[in-house]
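Chemist: Okay, structure incoming, though there's no sequence with it:
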């Protein structure tokens with residue numbers, strides 16, 4: 001039997017040739033210079049902040065060139081796949097505005113999940129075998145470990161090459177007999193004969209690179225799994241997919257630079273033109289006085305879900321990530337930073353430092369810039385997923401919810417900038433909603449700043465008796481001023497008198513009693529705005545426990 005027939009017998013008789021896939025995945029009709037980029041996460045864990053970073057860069061470079069940004073799930077490592085990870089990716093993409101132009105569940109160049117493309121890869125593996133650019137390997141894990149042990153003892157590079165490439169010299173007939181006998185096998189790329197030389201590449205971030213060529217016969221097709229599927233390794237799968245999906249720019253982490261010679265070898269062996277590459281530096285963190293990579297294991301802020309769960313607005317996170325890539329964007333207003341193009345030549349090679357304080361500052365500025373309606377809409381969308389109690393009161397009290405954001409502008413139109421993420425809304429403005437506010441009923445509460453309990457009680461009673469809600473701010477403040485004067489408080493000077501039972505303080509302390517009762521805090525937005533938003537009935541209800549002496553909830 002001819003060698004070609006033996007090789008073909010290792011595959012399904014109806015396996016299509018590469019020519020079919022080349023015709024099926026036609027060349028894209030795009031304007032000159034258009035970039036086709038991809039983000040290709042592996043569902044082996046949660047989305048890393050670095051993944052958002054790569055996706056942000058890939059999407060921007062494609063969109064601004066009139067090209068296409070796609071998402072492809074690289075799930076050929078079934079042993080490490082985490083259930084639900086791909087669904088989490090889709091949710092993260094939606095939250096951060098990184099939905100692809102193409103991706104699951106449909107698209108002209110799909111499917112976009114590698115495990116659904118097994119026959120595509122097998123077509124190209126068969127072709128490599130036919131062209132003697134690949135061969136079956138029957139070495140067991142134990143045999144490979146023996147090889148590695150010998151290489152370590154002789155201080156040789158680790159890998160499958162030279163005398164350790166034990167299956168490379170098998171004839172097709174010999175390999176066929178072992179396969180027919182049911183012996184498990186992988187398929188390895190046959191790298192060029194001889195010592196590897198130097199190869200040169202050009203990277204969009206790093207410029208010219210000179211590297212040692214690949215001299216290792218790497219596995220391109222894994223052995224059959226428990227379900228009988230034969231899936232490729234990442235090396236082959238992404239090369240085939242990038243070619244057929246017509247990706248012409250790959251943005252990925254610098255850890256893949258060492259694989260660049262191998263990937264170019266695969267492109268040459270398959271007759272493909274390789275895309276351009278932009279290898280970006282990893283996100284870093286300051287740990288004491290040293291720098292290290294942001295770690296999923298050590299750093300909660302390393303996962304994309306951390307920012308989603310806390311409710312950092314997508315625009316603020318996008319602005320921050322763009323500033324990490326191109327520092328000229330970091331201090332621009334968010335709308336301008338998002339409008340500016342990213343430039344690979346400005347990305348640097350040192351690794352940008354992740355600084356939550358900087359993100360929080362950008363996010364405060366962004367939230368403060370939003371109109372109340374837009375801020376409320378974003379808050380409600382986030383709360384629907386992560387804060388159901390807050391979401392319920394937002395729906396129940398839409399007027400109070402809007403008033404919260406209006407009072408955040410201080411009455412003068414100047415934003416308070418006290419929210420860095422939506423998670424902080426309840427602590428800052430939860431007092432607006434009766435369901436989220438805890439009544440204050442102890443006159444000796446520390447939040448009253450040391451005022452004697454009897455004085456606090458007397459002030460609360462007087463406020464209840466004479467409170468007037470109507471009228472302009474000056475009339476409202478006149479009520480507080482009159483209460484202060486009746487109880488011997490100076491209009492602007494605080495002082496304690498030694499006379500038994502006598503106390504004198506400032507009107508600020510009278511206002512603070514009202515503030516603590518209404519907001520549970522000594523600091524709040526403009527007090528007049530707070531009172532007007534709550535309404536007279538609610539103001540009196542919140543003063544009631546102190547005025548009557550009844551514990552909150554029992555009056």
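Modeler: On my side now, so go ahead. Because the structure is a prediction, the values reported are computed rather than measured. Numbers count the residues shown, from 1 in each chain.
Chemist: Please report phi then psi for residue 253.
Modeler: Phi and psi for residue 253, reported as degrees, to the nearest 10, are phi -70, psi 160.
Chemist: List the residue ranges of the chain that fall below the pLDDT cut-off.
Modeler: Scanning the chain for pLDDT under 70 picks out 409-414, 490-505, 550-555.
Chemist: Identify the residue nearest the geometric centre of it.
Modeler: Geometric centre of the chain, nearest residue: residue 304, 2.8 Å, by Cα atoms, centre = their mean.
Chemist: would you list every one of the strands in the stretch 101-250 of the chain?
Modeler: With strands called from DSSP state E, counting those that start in this stretch, the stretch 101-250 of the chain shows them at 134-137, 186-189, 198-203, 207-212, 219-221, 249-253.
Chemist: Output the ones you listed in a markdown table; the columns should cover mean neighbour count and distance to residue 63.
Modeler: C-betas here are computed from N, CA, C, even on glycine. What follows is these, written out as a markdown table (neighbours: other Cβ atoms under 10 Å; distance: least, Cβ to Cβ, whole Å):
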| stretch | mean neighbour count | distance to residue 63 |
| --- | --- | --- |
| strand 134-137 | 22 | 38 |
| strand 186-189 | 23 | 35 |
| strand 198-203 | 13 | 22 |
| strand 207-212 | 12 | 25 |
| strand 219-221 | 23 | 33 |
| strand 249-253 | 21 | 12 |
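Chemist: now these in JSON lines, with distance to residue 352?
Modeler: As requested, these are exported to JSON lines (distance: least, Cβ to Cβ, whole Å):
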{"stretch": "strand 134-137", "distance to residue 352": "40"}
{"stretch": "strand 186-189", "distance to residue 352": "35"}
{"stretch": "strand 198-203", "distance to residue 352": "17"}
{"stretch": "strand 207-212", "distance to residue 352": "19"}
{"stretch": "strand 219-221", "distance to residue 352": "34"}
{"stretch": "strand 249-253", "distance to residue 352": "13"}
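Chemist: Select, out of the ones you listed, the one closest to residue 72.
Modeler: With Cβ to Cβ as the criterion, residue 72 lies closest to strand 249-253 of those, at 11.3 Å.
Chemist: following the closest one, which helix or strand comes up?
Modeler: The element immediately downstream of strand 249-253 (helix or strand, assigned by DSSP states H and E) is helix 260-270.
Chemist: Name the residues of that following helix that come out as buried.
Modeler: Of the residues in helix 260-270, 260, 261, 262, 263, 264, 265, 266, 267, 269, 270 count as buried by neighbour count, 16 or more other Cβ atoms under 10 Å.
Chemist: Can you list the neighbours in contact with it?
Modeler: 124, 127-128, 131, 133-134, 189, 191-192, 196, 199, 201, 209, 211-214, 216, 218, 220, 235-236, 238-240, 243, 272-274, 277, 279 (Cβ atoms under 8 Å, 6 or more residues apart in numbering).
Chemist: Any of those residues buried? List them.
Modeler: Judged by 16+ other Cβ under 10 Å, buried ones among the contacts of helix 260-270: 124, 127-128, 133-134, 189, 191, 196, 201, 213-214, 216, 218, 220, 235-236, 238-240, 243, 272, 274, 277, 279.
Chemist: hey, where'd the helices end up in the stretch 201-350 of the chain?
Modeler: According to DSSP state H, counting those that start in this stretch, the stretch 201-350 of the chain carries its helices in the segments 234-244, 260-270, 304-310, 314-325, 334-339.
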